[in-house]
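J.: Just to be clear, the model below is a prediction. Sequence and coordinates:
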Amino acid sequence: MGSSKLRIGILTGGGDCPGLNAVIRAVGKTALHEYGATIIGIEDGFEGLVEGRMHELTARHLSGILNQGGTILGTSNKGDPWHYPVECAPGKIEIQDTSFKAVRNLQQAGLDVLVATGGDGTMHIADKLGDLGIKVVGVPKTIDNDLAATDLTFGFYSAVSVVCESLDRLHTTASSHHRVMLLEVMGRYAGWIALAGGLAGGADLVLIPEIPFTWEAVCNKVRERARDGKRFSLICVAEGAKLPGGEEVIKALDHKRTDAKQLGGIGAVLGREIEARTGLETRVTVLGHLQRGGSPTAFDRVLATRLGVHAGHCACRGPYGVMAALRNGEIISVPIKEAIAKLRTIAPGHQLVQAARSVGTSFGDET
Ligand code: F6P
């Protein structure tokens, strides 16, 4: 049993995903029950840290939340302390470095360690805080599954289940109406959700940022199916897939975020082009935040709990500057720096890509 004076701060940063509460519960229960630590929940990610908004999480707060979606702490993707939007005059936002406030609030709250649950952006911030001497422990979260140094992030397979169910539903209506059905899914600059979701839902075409597609190959696949008597096609497209000219489709820019780009809209562009080129009736569904909402799957509850328990132990006895990670079935600690060194994207020869090709899925790149 460690010192009962240990104070552990925990926050959830970036976009939410199923499993965050399972992590909060696992970190909190481990630190509370095994080390007698005090757990302080920081509200709305790094925004709450900069603004000094936090409260104690007791055993009561940590109970009954395993299956709840979202995060009981709240989150934000606009709270980077080094890129913080400050309203300096009515309606006038200025981006400022407020990292000194984050550090000061951690010290004033007497926090010995900060557990940061998040994706790439959150880990970058955690790493910078670590460089300033703060003891940090990371937990990898994101539906995008794009964090390096871990085989998987929790939240990913919950999102993939939603994609799979959606493709199943689109399948029946596509075949009744003999249509091309496009499903646009999230994933940012990585195609993991589209690839795994497309495999699970039997998409005929999967379009991802890592594999450039051509209009000819996409339309040929759809036409070929029609010629073979399959008068419908299912296409799963990642929001970050690039058009044949190489451009991304960007919905909006939000300069309050470290990465201002909000991707979205490629489904509509594809739908128009495929209909014009093939003459086949085409419909587009954008799955959006349905992929991030709701309860975690059993798989994600187990993964989130394992990662959270590991992070709880690290928070109470070290090592610091590390992220809990899944590697070959084991939960281990990896340096946060390793996790942020690069984005984890899909190698074109990845086994999942090969498996998809073997069952006849096209990536729109055939010559
Ligand atoms: O990183 C998670 C994610 O859901 C991405 O897949 C997506 O591009 C982005 O967040 C959407 O962000 P927002 O919720 O701010 O629209």
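T.: Sure thing, it's come through.

J.: can you count the residues close to residue 172?
T.: By other Cβ atoms under 10 Å, the residues close to residue 172 number 10. (Each C-beta comes from the backbone N, C-alpha and C, glycine too.)

J.: Report the secondary structure state of it.
T.: helix (DSSP: H, G, I helix; E, B strand; the rest coil).

J.: ditto for residue 217
T.: helix.

J.: so it touches residue 277, yeah?
T.: No: counting by Cβ atoms under 8 Å, residue 217 sits too far from residue 277 to count as a contact (11.6 Å).

J.: Which of the two has more residues huddled nearby?
T.: residue 217 (18 against 15).

J.: Contact partners for that one?
T.: 362, 364, 365, 366, 367 (Cβ atoms under 8 Å, 6 or more residues apart in numbering).

J.: could you flag which of the residues you listed are buried?
T.: 362, 364 (16 or more other Cβ atoms under 10 Å).

J.: right, and out of the contacts of residue 217, which lies closest to the ligand?
T.: Taking Cβ to the nearest ligand atom as the measure, the ligand sits nearest to residue 364 out of these, at 20.6 Å.

J.: ok, the residue in the stretch 151-300 of the chain that the ligand sits nearest to to residue 352 distance?
T.: Closest residue of the stretch 151-300 of the chain to the ligand, Cβ to the nearest ligand atom: residue 186 (3.2 Å). Going from residue 186 to residue 352 by Cβ to Cβ, to the nearest Å gives 17 Å.

J.: Now the residue of the stretch 151-300 of the chain closest to the ligand. Its backbone dihedrals?
T.: In this entry, residue 186 is assigned phi and psi values of phi -80, psi -170 (degrees, to the nearest 10).

J.: is it true that it touches residue 144?
T.: Yes: because the distance of 7.0 Å satisfies Cβ under 8 Å, residue 186 is recorded as touching residue 144.

J.: Quick check: neighbours shared by these two?
T.: residue 193.

J.: Tell me which of the contacts of residue 217 fall in strands.
T.: With strands taken from DSSP state E, there is no overlap with those.

J.: Make a markdown table out of the contacts of residue 217 and add pLDDT and distance to the ligand.
T.: Below are the contacts of residue 217 laid out as a markdown table (pLDDT from 0 to 100; distance: Cβ to the nearest ligand atom, whole Å):
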| residue | pLDDT | distance to the ligand |
| --- | --- | --- |
| 362 | 98 | 23 |
| 364 | 98 | 21 |
| 365 | 97 | 23 |
| 366 | 87 | 27 |
| 367 | 78 | 30 |
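
J.: Let me know the closest of the contacts of residue 217 to residue 175.
T.: residue 362 (18.2 Å; Cβ to Cβ).

J.: so what's that closest one up against?
T.: 204, 205, 206, 217, 218, 221.

J.: Specify the beta-bridge partners of it.
T.: With DSSP bridges as the criterion, residue 362 is bridged to residue 205.

J.: can you tell me how far it sits from residue 194?
T.: Residue 362 is 13 Å from residue 194, by Cβ to Cβ.

J.: what do the two both touch?
T.: residue 206.

J.: Look up how far residue 46 lies from the residue nearest in space to the middle of the chain.
T.: Central residue of the chain (Cα atoms, centre = their mean): residue 142, 2.3 Å from the mean position. Distance, residue 142 to residue 46, by Cβ to Cβ: 16 Å.

J.: Please compute how far stretch 346-362 lies from its chain's middle.
T.: 22 Å (Cα atoms, centre = their mean, to the nearest Å).

J.: swap in stretch 173-180?
T.: With Cα atoms, centre = their mean, you get 31 Å for stretch 173-180.

J.: Could you count how many residues lie near residue 215?
T.: By the measure other Cβ under 10 Å, the count of residues near residue 215 is 15.

J.: Just confirm it contacts residue 244, I think it does.
T.: Yes: at 5.8 Å, residue 215 counts as touching residue 244 under the criterion of Cβ under 8 Å.

J.: close to the ligand, is stretch 341-353?
T.: No: residues of stretch 341-353 contacting the ligand under Cβ under 6 Å from any ligand atom: none, with a closest distance of 11.4 Å.

J.: contacting residues around that stretch?
T.: 120, 145-149, 189-192, 195-196, 199, 208-211, 363.

J.: How about stretch 275-293?
T.: Contacts for stretch 275-293 (Cβ under 8 Å, 6+ apart): 15-18, 69-70, 143, 155, 159, 162-163, 166, 170, 177-186, 193, 215, 219, 222-223, 226, 233, 264, 267-268, 270-272, 274.

J.: and if you look at stretch 317-328?
T.: 2, 35, 113, 123, 127, 130, 135-140, 149-152, 303, 306-308, 310-311, 314, 331-337, 339.

J.: mind checking how far it is from the chain centre?
T.: 19 Å.

J.: Just list the residues touching the residue lying closest to residue 337 once chain neighbours are set aside, thanks.
T.: If the residues on either side of it in the chain are set aside, residue 337 comes closest to residue 127, at 6.0 Å by Cβ to Cβ, 6 or more residues apart in numbering. Counting by Cβ under 8 Å, 6+ apart, residue 127 touches 136, 321, 336, 337, 340.
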